[in-house]
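Participant: let me see the structure of the following:
(chains A and B)
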Amino acid sequence: MFEKIFIEEHLAAHPKVIELKERFPASEFKYITKVEDVFGRVKKPYLQKRTNLNLFIGEKKGQLVKPAPPAYGLSGEPHYYFVHAYNCIYECNYCYLQGYFQSPDIVLFLNHDEIGAEIKKLADDFAITNPGEKIWFHAGEYSDSLALTHLTGELPYYFNLFKNLPNAYLELRTKSVNIKELVKLTPSENIVVSFSLAPDHRTRTNDLKTPGLKARLAAIRELHELGFPIGIHFDPIIYDDKIEESYSDLINQLALALPPEAIKYISIGVVRFTKNVYHQVLKNYPDSDFLADDFVKSFDNKIRYNKPTRMWVLGKVKNLLIEEGVDAALIYECMEDDDSQ
Amino acid sequence: MVKILIFAHRGEAQAFFTQWDLTPVSFYFSGLFKNRDYFVLITGEGPKEASEKTVAVLSSFKDEISSVVNIGIAGSLSPKLKVGDLAWIRSSYAQNAERCEFKSYTTKYHTSIDCITAYSRVTTLEEKKTLSHFADLVDRELWSIASAAHLFKMDFLSLKLVSDESDSADFCQLVKDEAPLLSKKLFDEFIRFESSQKTAAPVVLHAPKSNSAEDFILAHPKLYFTTSQTRKLTTLLRGLLMKKIFTEEEIKKFTDSIILESSPDITSKELSKILLNTLSEKLNPLNTKIKEKINEAILPLTDSGAMVGFDPELEQEYIQLNYQIRNTKDQKRLILALEQFNYQKIRNIFSGKLED
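Facilitator: Numbering: from 1, shown residues only, chains lettered A, B, ... in the order given. As a prediction, the model looks like this:
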């Protein structure tokens, strides 16, 4: 799976490193001082992930928990994200990661204790200043939260941490169906597993190398039946002339796996790119059908559909969800400007 | 158009000189040769030499040269590459004074092997170890050559032969001992590659030009497109094909139907404009609907004779009026139009409410 595995020297004796050596005997293990000495130092073409992907093991430095961008989750509550990995094994052709790190290699950080301590401090401080209110922490900003959990093994740590932080909520964002580590754990009301979904034809044409829609819905059903709270992301939504029909089908299928009243929240967001990512998409996936759409530079300099189209798409999908029985208060529009909401 | 084969040393190229009848080309420096099918350039060792000479030659002969091939030896940085192995390079990186150049260049034909160009000679195993984090092979010229090819928008390829292994301190021993043999090996592989390219079926990315809908439309005697309209047509047709809204044949039939339905008096320019608008509607019917709705909303203003503008990108919510008042009648007409105009309709459109 990994051609080379780079390890920060001080982690050579870490149990996770020893485990990786046993699991990947064919990989070449290389020892480096810091991940940043090698990762991202040269521009490595994104699509090289198809032929040989490297893995970096290190410790995250600097600010470990960061405030999330506006309109990240349900409004009115503070949202933070934490980073314990960079990059993803999947290949969604709209993904912003292709223009973000300058390398598709996977980085896993092992200092969960330090990340956890920062989360705990923020949650404890928030509990003092805002008693009875919720604070959110999101995993999966720069990676899929579940896809590699069989290798990374951090889920028990975060479950234990959040079980002792009743005012704090954890979101694990994923497109994966790799739930075998998750189902070993006891569900907790404040730990939400959120799945990104798109209509079947979009999943096949845009979410390359990811599990198909049926498999994702089956994982949702299994986790729901086990008592795991589930969130849903319809993000990014790509416009086409079948959009109403295809989202209606998707919502019907979702309702069969997860009753609408059981959805913790659902985000809806229309496809968008930074300028750099848009150029990477043009380079990496020039035949993607959505590139034929009219995009404009929008309010935050991101490249999006024009405003009436975005609002029309969001309105249609939101109405379909409400018609299916989803509480409107649990639907939020992701990364849209304030006056659109 | 011919390829240019670029070597650092004459020794690496000697089989090419033996097998081909290459004659020197009179240029600003020695080392440039030519036969009917190829240029051959000997740059000398190192990135500076390679860069200067490649740029100079490409600049002078860019009308004759189609692509660039760097051929030569390289040191292995990976245990998977052994002395005598041949590799077509994937990505080219560079290291200069312990810093990596951020920019990289990637070839279209490769074997998943990357090469890093070192600005100075690699003389220790420690240096090899550091470079091995970035690539499988190390050389002294490729990145400069790739950079020059990129500058002139030419494809580049690189064929390397491994001269020493990753754990060997015996740098370039093979080169000293077996130059004729290694050059022959490079020559044979290059010839094999060239033959395979000639015999391989050409990759058809798009329909052949002569049968394309675009050619059909552009050559149609009843249509006339300006340069910017031609660009728009290309974009629209590509979009329609990418989204599988139409096939090439369907576009041709659709064009014929538009022409047949048009008035016999219409000019070629007007007809072309109609065709572009209709194709645009087909590609993005929602945008068409949005524009129709805006035009409907501003009708009281346009009927009054006002020129009404709105953001052509449909991102900013505003309308802009241009109206000339020459007498009180004009003034009253405008007041009436403004009373009849309902800005809320514009607001609704920008909020995505397109249904009546």
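
Participant: quick one, phi psi at B:Ser163?
Facilitator: Phi and psi for B:Ser163, reported as degrees, to the nearest 10, are phi -100, psi -30.

Participant: A:Lys66: how many residues sit nearby?
Facilitator: Neighbour count of A:Lys66, defined by other CB atoms under 10 Å in any protein chain shown: 13. All C-beta atoms are positioned from the backbone trio N, CA, C, and that covers glycine.

Participant: again, but for A:Asp294
Facilitator: A:Asp294, neighbours per other CB under 10 Å, totals 17.

Participant: wait, it touches A:Asn306, no?
Facilitator: Yes: proximity of A:Asp294 to A:Asn306 meets the contact threshold set by CB atoms under 8 Å, at 6.7 Å.

Participant: shared neighbours of the two, which are they?
Facilitator: B:Asn287 (CB atoms under 8 Å, 6 or more residues apart in numbering or on different chains).

Participant: now do stretch B:152-162: distance to the chain's middle.
Facilitator: Its chain's average C-alpha position is 17 Å from that of stretch B:152-162, according to CA atoms, centre = their mean, to the nearest Å.

Participant: swap that for stretch A:165-182, sorry
Facilitator: The answer for stretch A:165-182 is 10 Å, by CA atoms, centre = their mean.

Participant: and the end-to-end length of stretch A:288-308?
Facilitator: Taking CA to CA, to the nearest Å, stretch A:288-308 runs 23 Å from one end to the other.

Participant: how about that stretch: buried residues?
Facilitator: A:288-296, A:298, A:302-308 (16 or more other CB atoms under 10 Å in any protein chain shown).

Participant: now stretch B:124-131
Facilitator: B:127-128, B:130-131.

Participant: now do stretch A:49-60
Facilitator: In stretch A:49-60, the ones that count as buried by 16+ other CB under 10 Å are A:49, A:52-60.

Participant: what about B:Ser92, neighbour count?
Facilitator: Neighbours of B:Ser92 (other CB under 10 Å): 31.

Participant: where does it land in three-state SS?
Facilitator: strand (DSSP: H, G, I helix; E, B strand; the rest coil).

Participant: now B:Lys273
Facilitator: What three-state DSSP gives for B:Lys273 is helix.

Participant: from the buried residues of stretch A:288-308, which ones fall inside helices?
Facilitator: A:307-308 (DSSP state H).

Participant: of the buried residues of stretch A:288-308, which are in range of chain B?
Facilitator: A:288-289, A:291-294, A:296, A:298, A:306-308 (CB under 8 Å from any CB of the partner chain).

Participant: what's the closest of those to B:Leu182?
Facilitator: A:Ser288 (43.8 Å; CB to CB).

Participant: please give me every residue in contact with that closest one.
Facilitator: A:93-94, A:205-206, A:281, B:242.

Participant: of these, buried ones?
Facilitator: Buried among the contacts of A:Ser288 by 16+ other CB under 10 Å: A:93-94, A:206, A:281, B:242.

Participant: that older thread, so which of the buried residues of stretch B:124-131 is the closest to chain A?
Facilitator: Among those, B:Thr130 lies closest to chain A (CB to the nearest CB), at 9.1 Å.

Participant: where does B:Leu157 fall, phi/psi-wise?
Facilitator: The phi/psi pair for B:Leu157 (degrees, to the nearest 10) is phi -130, psi 160.

Participant: you'd agree it is up against B:Val69?
Facilitator: Yes: the criterion here is CB under 8 Å, and B:Leu157 meets it with B:Val69 at 4.8 Å.

Participant: would you map the helices across the stretch 51-200 of chain A?
Facilitator: Along the stretch 51-200 of chain A, counting by DSSP state H, counting those that start in this stretch, helices occupy A:112-129, A:149-152, A:155-163, A:200-206.

Participant: wait, which of those is closest to A:Lys264?
Facilitator: Using CB to CB, the nearest of these to A:Lys264 is helix A:155-163, at 14.4 Å.

Participant: domain ranges for chain B, per the record?
Facilitator: Taking automatic domain parsing as the reference, chain B has its domains at B:2-199, B:204-283, B:289-356.

Participant: please enumerate the helices of chain B.
Facilitator: Going by DSSP H, chain B shows helices at B:10-19, B:47-61, B:125-131, B:142-151, B:173-199, B:213-218, B:227-242, B:248-261, B:268-283, B:285-297, B:299-303, B:328-340, B:343-350.

Participant: any idea which of these scores lowest on pLDDT?
Facilitator: When these are compared on mean pLDDT, helix B:173-199 scores lowest, with a mean of 85.

Participant: what helices or strands is that one leaning on?
Facilitator: helix B:10-19, strand B:65-76, strand B:86-96, strand B:155-164 (3 or more CB pairs under 8 Å, 6 or more residues apart in numbering or on different chains; DSSP states H and E).

Participant: the same query, at a cut-off of 7 Å, please.
Facilitator: Judged by 3 or more CB pairs under 7 Å, 6 or more residues apart in numbering or on different chains; DSSP states H and E, helix B:173-199 is in contact with helix B:10-19, strand B:65-76, strand B:155-164.

Participant: tell me the contacts of the most centrally placed residue in chain B?
Facilitator: In chain B, the C-alpha nearest the mean C-alpha coordinate belongs to B:Lys153, at 8.2 Å (CA atoms, centre = their mean). Contacts for B:Lys153 were tallied using CB atoms under 7 Å, 6 or more residues apart in numbering or on different chains; there are none.

Participant: how close does B:Asn284 get to A:Phe29?
Facilitator: 52 Å (CB to CB, to the nearest Å).

Participant: and stretch B:95-104, what's its mean pLDDT?
Facilitator: Here the average pLDDT along stretch B:95-104 is 84.

Participant: now do the buried residues in stretch A:170-186.
Facilitator: For stretch A:170-186, by 16+ other CB under 10 Å, it's A:170-179, A:181-182, A:185.

Participant: how about A:Tyr265, phi and psi?
Facilitator: phi -170, psi 160.

Participant: that one and A:Glu333 touch, don't they?
Facilitator: No: counting by CB atoms under 7 Å, A:Tyr265 does not reach A:Glu333; the two are 11.8 Å apart.

Participant: up against chain A, what does the stretch 1-150 of chain B have?
Facilitator: Residues of the stretch 1-150 of chain B that fall close to chain A, judged by CB under 7 Å from any CB of the partner chain: B:91, B:93, B:100, B:102-104, B:106, B:112, B:133-134.

Participant: can you give me the strands in the stretch 1-150 of chain A?
Facilitator: Secondary structure of the stretch 1-150 of chain A by DSSP state E, counting those that start in this stretch: the strands cover A:2-8, A:28-32, A:53-58, A:65-67, A:79-82, A:85-86, A:91-92, A:106-109, A:135-139.

Participant: dump those to a markdown table, plus mean pLDDT and distance to B:Ala306.
Facilitator: Formatted as a markdown table, these follow (pLDDT from 0 to 100; distance: least, CB to CB, whole Å):
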| stretch | mean pLDDT | distance to B:Ala306 |
| --- | --- | --- |
| strand A:2-8 | 95 | 65 |
| strand A:28-32 | 95 | 68 |
| strand A:53-58 | 96 | 60 |
| strand A:65-67 | 95 | 47 |
| strand A:79-82 | 95 | 46 |
| strand A:85-86 | 96 | 55 |
| strand A:91-92 | 96 | 47 |
| strand A:106-109 | 97 | 59 |
| strand A:135-139 | 96 | 50 |
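
Participant: got JSON lines for those strands, with distance to chain B too?
Facilitator: JSON lines is the format used below for those (distance: least, CB to the nearest CB, whole Å):
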{"stretch": "strand A:2-8", "distance to chain B": "7"}
{"stretch": "strand A:28-32", "distance to chain B": "6"}
{"stretch": "strand A:53-58", "distance to chain B": "9"}
{"stretch": "strand A:65-67", "distance to chain B": "25"}
{"stretch": "strand A:79-82", "distance to chain B": "25"}
{"stretch": "strand A:85-86", "distance to chain B": "17"}
{"stretch": "strand A:91-92", "distance to chain B": "17"}
{"stretch": "strand A:106-109", "distance to chain B": "14"}
{"stretch": "strand A:135-139", "distance to chain B": "27"}
